[in-house]
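# Fold the following.
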Amino acid sequence: MQALKVATVPMRVKDMDQYVLVDADTYNKLLDQTMNGRAWTMADLRIWCGNKSIDWLKKNILENPKYSRQIGRMEQQGQIIHKGRGSAWKFKASVMADFLESHWEELPW
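Numbers count the residues shown, from 1 in each chain. I've put the predicted structure just below:
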């Protein structure tokens, strides 16, 4: 177990009862839960990816041959909905976020 050194920093917090301190794992689980049952549009995906262009998202993720099996499987399972050229994209937020996290280092950011 690591010893934690904490520097004390005086600060005033108004209405302290409104705040809760949680560990990083709990925080990340809570963030994941906020995506359950949500759908992303292409605009949401762009925001999640740091405002990359739609062309960048298509070239590097959605239409990239490296990910075609995974993307195709997500389409078959209804986790990605795209009815063809010119139609809107919809993504199951939790699934797409997991996909992006698992391939983060591979993408040309």
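# which SS state does residue 57 fall under?
Secondary structure, DSSP: H, G, I helix; E, B strand; the rest coil: residue 57 is helix.
# Tell me, how many residues neighbour it?
Per other CB atoms under 10 Å, the neighbour tally for residue 57 reads 18. In short, each C-beta sits where N, CA and C put it, glycine included.
# before we move on, what about residue 12?
If you count neighbours by other CB under 10 Å, residue 12 ends up with 5.
# quick one: it from residue 6, how far?
18 Å (CB to CB, to the nearest Å).
# what about the longest helix in this structure?
helix 24-35 (DSSP state H).
# how far is it from where the chain is centred?
11 Å (CA atoms, centre = their mean, to the nearest Å).
# residues of it that come out buried?
residue 35 (16 or more other CB atoms under 10 Å).
# neighbouring contacts of it?
22, 93, 94, 97 (CB atoms under 8 Å, 6 or more residues apart in numbering).
# correct me, but the last one touches residue 47?
Same thing as residue 97. No - contact between residue 97 and residue 47 fails when scored by CB atoms under 8 Å: they sit 11.8 Å apart.
# So between those two, which is more surrounded?
The residue with more neighbours, out of residue 97 and residue 47, is residue 97; 18 against 12, by other CB under 10 Å.
# wait, what's in contact with the more buried one?
Residue 97 is in contact with 32, 35, 48, counting by CB under 8 Å, 6+ apart.
# how near is it to residue 9?
Distance check for residue 97 against residue 9: by CB to CB, it reads 33 Å.
# So residue 90 belongs to a strand, correct?
Yes - counting by three-state DSSP, residue 90 is found in a strand.
# Count the residues that sit near the closest residue to it other than its chain neighbours.
Distances taken as CB to CB, 6 or more residues apart in numbering put residue 81 closest to residue 90, at 4.2 Å, once the chain neighbours are dropped. As a burial measure, residue 81 scores 14 neighbours (other CB under 10 Å).
# Over to residue 81. Which of the three states is it?
strand.
# right, and it touches residue 95 too?
No - between residue 81 and residue 95 there is no contact, the gap being 11.8 Å when judged by CB under 8 Å.
# And the residue nearest the centre of the chain, its phi and psi?
For the chain, the residue sitting closest to the mean C-alpha position, by CA atoms, centre = their mean, is residue 97 at 3.3 Å. Here is the backbone geometry of residue 97 (degrees, to the nearest 10): phi -60, psi -40.
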